[in-house]
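Visitor: Sequence and predicted structure, then a few things I'm wondering about:
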Amino acid sequence: MSEQPARQPDDHGDAPQAPRYGQQPTEPQGYGQQPPGPQGYAQQGYSQQGYGQPGPHGHAQQGYAPAREMSPADQRLWACLAHVSAIAASIVLGSLSLGNVYLGAVGPLVLFFVFRERGVFVRRQTVEALNFQILLTIVWTALVVLTWVTLGLGALLTVPLLFALGIAALVFEIIAAVKANQGVDYRYPVNWRLVR
């Protein structure tokens, strides 16, 4: 009569063996472990709700989260500031200096990139202010180039036009700021809408 050899315990005692490739584990998952994904790989915190949404345990996932829409009062405030930022550049840099025209678009541009996904009203008004500043920059540059090309003789025409352009721009920007603060979707009477 032959004796069967005694079962030798492995290095880990009688712990259950890990499932083979393609088999589901028989033991329940421990706390904090995620179930295997569709191909047997553990999921990396992504849920079916979408990237940036709360995962299965209520924790926010890493990555881009959609921006929360601002209140109507905040949208009116930032829309007003988009128009006022060009006026501030005019006051700080001088109403007829070249610097105010080339820096006038900086304020609306920054506000557009910061708040473009925070509300429809603030987006439309920052785009409107940005487009108006781009138009002013183009017209101002064309008048200055015309003055240089004519060796200063065109200054008899361009200087009064530059002055009138500065006054008209200031009036329109003030009107736009007041209307935006009231919640009116203001459109400049003359504008070249390059950015949409």
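Guide: Happy to help now that I have it.
Visitor: Can you name every helix or strand that the lengthiest helix in the chain contacts?
Guide: Longest helix of the chain, by residue count under DSSP state H: helix 120-149. In terms of contacts (3 or more Cβ pairs under 8 Å, 6 or more residues apart in numbering; DSSP states H and E), helix 120-149 is packed against helix 72-93, helix 98-104, helix 106-115, helix 155-181. From N, CA and C alone the C-beta is placed, and that goes for glycine too.
Visitor: Make CSV out of the ones you listed and add mean pLDDT, mean neighbour count and distance to residue 134.
Guide: What follows is those, written out as CSV (pLDDT from 0 to 100; neighbours: other Cβ atoms under 10 Å; distance: least, Cβ to Cβ, whole Å):
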stretch, mean pLDDT, mean neighbour count, distance to residue 134
helix 72-93, 87, 19, 11
helix 98-104, 64, 19, 9
helix 106-115, 92, 18, 9
helix 155-181, 92, 16, 12
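Visitor: Just send the ones you listed back as JSON lines, with distance to residue 140 too.
Guide: Shown next, in JSON lines, are those (distance: least, Cβ to Cβ, whole Å):
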{"stretch": "helix 72-93", "distance to residue 140": "12"}
{"stretch": "helix 98-104", "distance to residue 140": "4"}
{"stretch": "helix 106-115", "distance to residue 140": "15"}
{"stretch": "helix 155-181", "distance to residue 140": "7"}
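Visitor: Surely residue 190 touches residue 135?
Guide: Yes - when contacts are counted by Cβ atoms under 8 Å, residue 190 is listed as touching residue 135 (7.4 Å).
Visitor: more crowded one of these two?
Guide: Higher neighbour count among residue 190 and residue 135: residue 135, with 18 against 9, using other Cβ atoms under 10 Å.
Visitor: per-residue confidence at the more buried one?
Guide: pLDDT recorded at residue 135 is 93.
Visitor: Next: the one 5 residues further on.
Guide: At residue 140 the predicted local confidence, pLDDT, stands at 88.
Visitor: measure it to residue 114 for me?
Guide: 26 Å (Cβ to Cβ, to the nearest Å).
Visitor: ok, now residue 169?
Guide: The spacing between residue 169 and residue 114, counted by Cβ to Cβ, is 23 Å.
Visitor: Likewise for residue 164?
Guide: Going from residue 164 to residue 114 by Cβ to Cβ gives 33 Å.
Visitor: Kind regards, and thank you for your time.
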